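In: Sequence and predicted structure, then a few things I'm wondering about:
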Amino acid sequence: MDEYEAALEESRQGLTVDPAIAPLFSVGCEDRLFARWMLRYNAHGVHMTHDVERWIAGAGERCAELGMDRLGKALKAHSRAEAGHDRMMVDDTKAIANWWEERFGGPVDADALLAQPPLASAGFYGKLHDQVIAGPVPFAQLAIEYEIERLSITIGPILQANCRRIFGPDTSCYSFLAEHVELDAGHTAFNQRQLDGILTESPEHLGTMVETGRAALASYAAFMAECMGLAQGDLEAERVGA
């Protein structure tokens, strides 16, 4: 596990300093840009979250097929904790749209944003899960979940601080983020324990786990960056139309 953690450190650090999304982690991030990014993050994030329960349960079923009954049962039980989280992102999208209209004026069509097809990065993220689950090492799903849920306890509090600064203490505009900052410490610990167990028993899978964890972080960073580009485009369109 120590080797895994060391191998992922560069990718983890790379996400936080990625110039495409680094402004999000600054207390000086411009209010309008951060709010527009949160709007896009939640609207398009629905496609990143609504299959999470299925992915984890599917990994559990595949593990059971391989004779890994204990891990299979643990994953299927863990999957239930992810049910319905996409609905929180829908609610946050609508709340941010209302907040924007009240604060800055100008209509924001939340339903139109939510009706848009998945972003390219979200499509890649979904394919990563499906390929891992269907592949010969379905328990590599643990590396995906570990890296993504770990973000909630590393960059999550930084993003939440900007949410509080901009939207205020009422979490109605960032309920998804607030809940995951609070709960994902436990989820991260679960994934770490399971991952540690796999690597202790089968160290030959270290390379696959590292590769999968890196791919998960790369796809999530790409999603955040794609949302940033759209947010910047939204602000530019407003400026031109003003």
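Out: Right, received. Where do you want to start? Numbers count the residues shown, from 1 in each chain.
In: Pull up the distance across stretch 45-61, start to finish.
Out: Chord length of stretch 45-61, first to last residue, is 25 Å (CA to CA, to the nearest Å).
In: and if you look at stretch 44-59?
Out: The first residue of stretch 44-59 is 24 Å away from its last residue (CA to CA).
In: residues contacting the nearest residue to residue 174 once chain neighbours are set aside?
Out: Nearest non-adjacent residue to residue 174, counting by CB to CB, 6 or more residues apart in numbering: residue 163, 4.2 Å away. Bear in mind the C-beta positions are built from the backbone N, C-alpha and C, glycine included. The neighbours of residue 163, taking CB atoms under 8 Å, 6 or more residues apart in numbering as the test, are 38, 171, 173-174, 177-178.
In: and of those residues, the nearest to residue 119?
Out: The closest of these to residue 119 turns out to be residue 38 (CB to CB; 15.2 Å).
In: gap between stretch 170-185 and the chain center?
Out: Centroid separation between stretch 170-185 and its chain, computed with CA atoms, centre = their mean, to the nearest Å, is 12 Å.
In: let's number from 679 now, not from 1
Out: Let's use 679 as the start, then, which means that last one is stretch 848-863.
In: So what touches it?
Out: 716, 720, 723, 727, 759, 763, 766-767, 769-770, 773-774, 777, 827-828, 830-831, 834-835, 837-838, 841, 845.
In: now the longest helix along the chain, how far from the chain's geometric center?
Out: In the chain, assigned by DSSP state H, the helix with the most residues is helix 884-919. Here helix 884-919 is found 10 Å from its chain centre; the criterion is CA atoms, centre = their mean.
In: Helix or strand: which one has the most centrally placed residue in the chain?
Out: The centre of the chain sits closest to residue 826, judged by CA atoms, centre = their mean, with a distance of 5.6 Å. Here residue 826 is covered by helix 819-832, with elements defined by DSSP states H and E.
In: would you put the C-alpha positions of the following helix or strand past that helix in CSV?
Out: Remark: after helix 819-832, the chain's next helix or strand is helix 834-845, criterion DSSP H and E. Only the C-alpha atoms of helix 834-845 are listed here, as CSV (Å, rounded to 0.1, in the frame of the first residue of the first chain):
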residue,chain,number,x,y,z
GLY,A,834,-13.2,19.2,-0.9
PRO,A,835,-12.7,21.5,2.2
ILE,A,836,-11.0,24.1,0.0
LEU,A,837,-13.8,24.2,-2.5
GLN,A,838,-16.3,24.2,0.4
ALA,A,839,-14.6,27.3,1.9
ASN,A,840,-15.1,29.1,-1.3
CYS,A,841,-18.7,28.0,-1.4
ARG,A,842,-19.3,29.4,2.1
ARG,A,843,-17.5,32.7,1.1
ILE,A,844,-19.6,33.1,-2.0
PHE,A,845,-23.0,31.4,-1.3
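In: Report the buried residues of helix 834-845.
Out: 834, 836-838, 840-841, 844-845 (16 or more other CB atoms under 10 Å).
In: what would those look like in CSV with pLDDT and distance to residue 807?
Out: Converted to CSV, the buried residues of helix 834-845 look like this (pLDDT from 0 to 100; distance: CB to CB, whole Å):
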residue, pLDDT, distance to residue 807
834, 95, 21
836, 95, 26
837, 97, 23
838, 97, 26
840, 97, 28
841, 98, 27
844, 97, 32
845, 97, 30
